[in-house]
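> quick one, structure for this:
(2 chains)
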Amino acid sequence: AQKVTQAQTEISVVEKEDVTLDCVYETRDTTYYLFWYKQPPSGELVFLIRRNSFDEQNEISGRYSWNFQKSTSSFNFTITASQVVDSAVYFCALSDLYKLSFGAGTTVTVRA
Amino acid sequence: DTGVSQNPRHKITKRGQNVTFRCDPISEHNRLYWYRQTLGQGPEFLTYFQNEAQLEKSRLLSDRFSAERPKGSFSTLEIQRTEQGDSAMYLCASSPPTGENTEAFFGQGTRLTVV
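So this is what the prediction gives:
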């Protein structure tokens, strides 16, 4: 069975601060994929990043970066220099072949 | 707009009534998924189609739920004899026919309220 845990329920920051979201996952699969999605108040889930289990290289994409560590089964996500438009619920998700298992989400509020 | 389209956006129904939701995926996507999301939780997988074939159903999908994708294009999700516990956001997603696990593109969902 696959499981994703997002221990942080809510995070509130002031604009321009960095925000790091924690994600811990469990799976017995050797091949899997990890995702971060954003859900703004409009409700639509927006894809942010994807990483497969064979690639632990951490990258930066614009204001987004991630830290994937197989040894600790963690896939943390950072928003640098947060903006008010970043306010949303962020979901970490784990996938084997096709279906996604989501965490409970972390609500991020960025105050001006 | 060529994203995933779901109709209706909102549905209020009385307990015991049947409801049907529609999902139109992105046109070149052959994979289609339904998820259910309750308040304060992440989406939960319900079912998966590859073209017109329903390849997996979650145990969350009781016998009151049925999903179809008759021509491998749009899909419908029907709930019979609705119960208050069915109140949730129902999300549809699609992804393209590639070998690699690509990201799923989600619609805006149908919010169901059973009163």
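
> and the next element down the chain from the one helix or strand A:Phe77 maps to?
For A:Phe77, the host element (DSSP states H and E) is strand A:74-79. Using DSSP H and E, the helix or strand that directly follows strand A:74-79 along the chain is strand A:88-95.

> next, the angle from that next one to strand A:74-79.
Angle, strand A:88-95 to strand A:74-79, by axes from the mean of the first three to the mean of the last three Cα atoms, to 10 degrees: 150 degrees.

> now strand A:88-95: mean pLDDT?
What strand A:88-95 shows for mean pLDDT is 96.

> just the closest residue of chain B to chain A, please.
Across chain B, the shortest distance to chain A (Cβ to the nearest Cβ) belongs to B:Gly42, at 3.1 Å. Backbone N, C-alpha and C define where each C-beta goes, glycine included.

> surely that residue and A:Gly103 touch.
Yes - look at B:Gly42 against A:Gly103 with Cβ atoms under 8 Å: they come within range, at 5.4 Å.

> what do these two both touch?
Shared contacts of B:Gly42 and A:Gly103 (Cβ atoms under 8 Å, 6 or more residues apart in numbering or on different chains): A:Val4, A:Phe91, A:Ala93.

> what about the last one, how many residues close to it?
One way to gauge burial is a neighbour count; for A:Ala93, by other Cβ atoms under 10 Å in any protein chain shown, it gives 26.

> who are the contact partners of the residue in chain A that chain B sits nearest to?
Closest to chain B within chain A is A:Phe102: 3.1 Å, counting by Cβ to the nearest Cβ. A:Phe102 makes contact with A:Val4, A:Tyr37, A:Phe91, A:Cys92, A:Ala93, B:Gly42, B:Pro43, B:Glu44, according to Cβ under 8 Å, 6+ apart.

> make it 6 Å
Counting by Cβ atoms under 6 Å, 6 or more residues apart in numbering or on different chains, A:Phe102 makes contact with A:Phe91, A:Ala93, B:Gly42, B:Pro43.

> separation between the last one and B:Tyr35?
It refers to B:Pro43. Going from B:Pro43 to B:Tyr35 by Cβ to Cβ, to the nearest Å gives 4 Å.

> next, count neighbours for A:Cys76.
Not quite, residue A:76 is Asn, not Cys. 18.

> count of residues packed around the nearest residue to it once chain neighbours are set aside?
In this structure, A:Asn76 finds its nearest non-sequential neighbour in A:Asn67, 4.6 Å apart by Cβ to Cβ, 6 or more residues apart in numbering or on different chains. For A:Asn67, the count of nearby residues is 16 (other Cβ under 10 Å).

> swap in A:Leu97?
By other Cβ under 10 Å, the residues close to A:Leu97 number 12.
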